[in-house]
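# Below are the sequence and a predicted model for it; my questions follow.
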Amino acid sequence: MDLLILGGTAWLGRELSAIALDRGHAVTCIARGTSGGVAEGARFIAADRDSYDFADIAADSFDAIIELTWQPGQCGDALRALAGRAKHWTFVSSCSVYASHRDVDGDESAELLAATSALRAEMSEYGEAKVACEVATRGFVGDRLLLVRPGLIGGSGDMSDRAGAWVARCAGFPDESLMVPDSLDLVTQVIDVRDLAKWAVGAIENGLTGTFDAVGPQMSLGDWIALARQVAGHSGEVRAVDPSWLIEQGVSEFMGPESLTMWLHDPEWRGFMARTGAAAMWAGLTHTPRAALMQDLLEWETFCGLYRERRSGLSIERECELQSW
């Protein structure tokens, strides 16, 4: 199979290309290349997608194309140039496209956000921008489209620091008291990046079309933290703290600096990491055991440095300050 990946140097794109190459497919990646290199064996075309005209591949056709962008202008340019030159098209969207995240066990039939009209969207419009890309892709590709909506992705190579924050905290300070939000029944889910990539490549090989939420198995936040403690060997006390008080103290939810990752206090977001995922599992998606994923996260976090400044997660200094109140 001749596969074109529009992307391929960042985390998920590189996993997709590596798995496709391992399965004997020819892979071409078009990307800026600022996020890293392509998988060994892939053909790389360096390009700024905001101005690229696809002249380098004007004479090429492909068995399948995978598009990863969230920018509607880039998506539209690629569709106009390439939609007629691929037998199968995959657009990697996001569960952020849904208009509401209040209900647990939502599926692909849920209402979407309104698409942005911007060709170059701001990060605050990420969900709306992905919707715009979905709409455009459906219009050009029709019944050749596989639409994948991942939830929170974790695993080796994750630069967002979200899924690995708890196990890193437990490993870095195994004897210290661990502060957790007193909302440990909150449902969470993380999909292993390799599970996602393997499933997507297999789906493309089989010509699968349709729309699928690609999410991990549901697990309570309390069970996730307990598993992180077990894998990391944390023996310190666990202190559950009033979530409303944490919000008052400026602790961020879910991601970002000085946050408690994977925690969502706002009831309007209770279903954000609690989608059913049944359709993708019916279509062959399988999940790495959670203990194995947690071990991979710990190894990755250790490689990156347990005491580094994090993109997501609460610093030990801030945690100690809050625990002293």
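It's in.
# So residue 274 sits against residue 98, correct?
No - with contact defined as C-beta atoms under 8 Å, residue 274 does not count as touching residue 98 (11.8 Å). Yep, even glycine has a C-beta here, placed from its N, CA and C like the rest.
# Check the gap between residue 99 and residue 106 for me.
Noted for residue 99: a distance of 10 Å to residue 106, by C-beta to C-beta, to the nearest Å.
# Between residue 274 and residue 98, which contacts overlap?
Common contact partners of residue 274 and residue 98 (C-beta atoms under 8 Å, 6 or more residues apart in numbering): residue 106.
# So which of residue 99 and residue 106 has more stuff around it?
Higher neighbour count among residue 99 and residue 106: residue 106, with 21 against 12, using other C-beta atoms under 10 Å.
# Pull the contacting residues for residue 319.
169, 179.
# Adjust the sequence numbering to begin at 309 for everything that follows.
I'll keep to 309 as the first residue from here, and by that count the last item is residue 627.
# what comes up buried for stretch 620-631?
Neighbour counts over stretch 620-631 (16 or more other C-beta atoms under 10 Å) mark 620-622, 626-627, 630 as buried.
# Export these as TSV, with columns for distance to residue 397 and pLDDT.
TSV is the format used below for the buried residues of stretch 620-631 (distance: C-beta to C-beta, whole Å; pLDDT from 0 to 100):
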residue	distance to residue 397	pLDDT
620	32	97
621	36	96
622	41	96
626	45	96
627	46	96
630	48	94
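# Next, format the residues you listed as CSV and append secondary structure.
Shown next, in CSV, are these (DSSP: H, G, I helix; E, B strand; the rest coil):
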residue, secondary structure
620, coil
621, strand
622, coil
626, helix
627, helix
630, helix
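# What are the buried residues along stretch 569-582?
For stretch 569-582, burial by neighbour count (16+ other C-beta under 10 Å) applies to 569-573, 577-582.
# and if you look at stretch 345-356?
346-347, 350, 352-353, 355.
# Measure how buried residue 462 is and give me the count.
Residues near residue 462, counting by other C-beta under 10 Å: 25.
# Most widely separated two among the buried residues of stretch 569-582?
569 and 579 (17.7 Å; C-beta to C-beta).
# So, low pLDDT: which residues of the stretch 459-608 of the chain?
Judged against pLDDT under 70, the stretch 459-608 of the chain has no low-scoring part.
# tell me the strands in it, going along the chain?
Remark: strands assigned in the stretch 459-608 of the chain by DSSP state E, counting those that start in this stretch are 461-462, 486-489, 495-496, 499-500, 518-522, 527-528, 546-549, 560-562, 567-569.
# Make a markdown table out of these and add distance to residue 334.
Shown next, in a markdown table, are the strands of the stretch 459-608 of the chain (distance: least, C-beta to C-beta, whole Å):
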| stretch | distance to residue 334 |
| --- | --- |
| strand 461-462 | 26 |
| strand 486-489 | 48 |
| strand 495-496 | 38 |
| strand 499-500 | 26 |
| strand 518-522 | 24 |
| strand 527-528 | 38 |
| strand 546-549 | 51 |
| strand 560-562 | 39 |
| strand 567-569 | 38 |
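# about what we covered before: which of the buried residues of stretch 345-356 fall in strands?
352-353 (DSSP state E).
# For residue 397, give the beta-bridge partners.
residue 373, residue 453 (DSSP bridges).
# Pull the contacting residues for it.
Residues near residue 397 by C-beta under 8 Å, 6+ apart: 372-373, 375, 391, 445, 449, 452-454.
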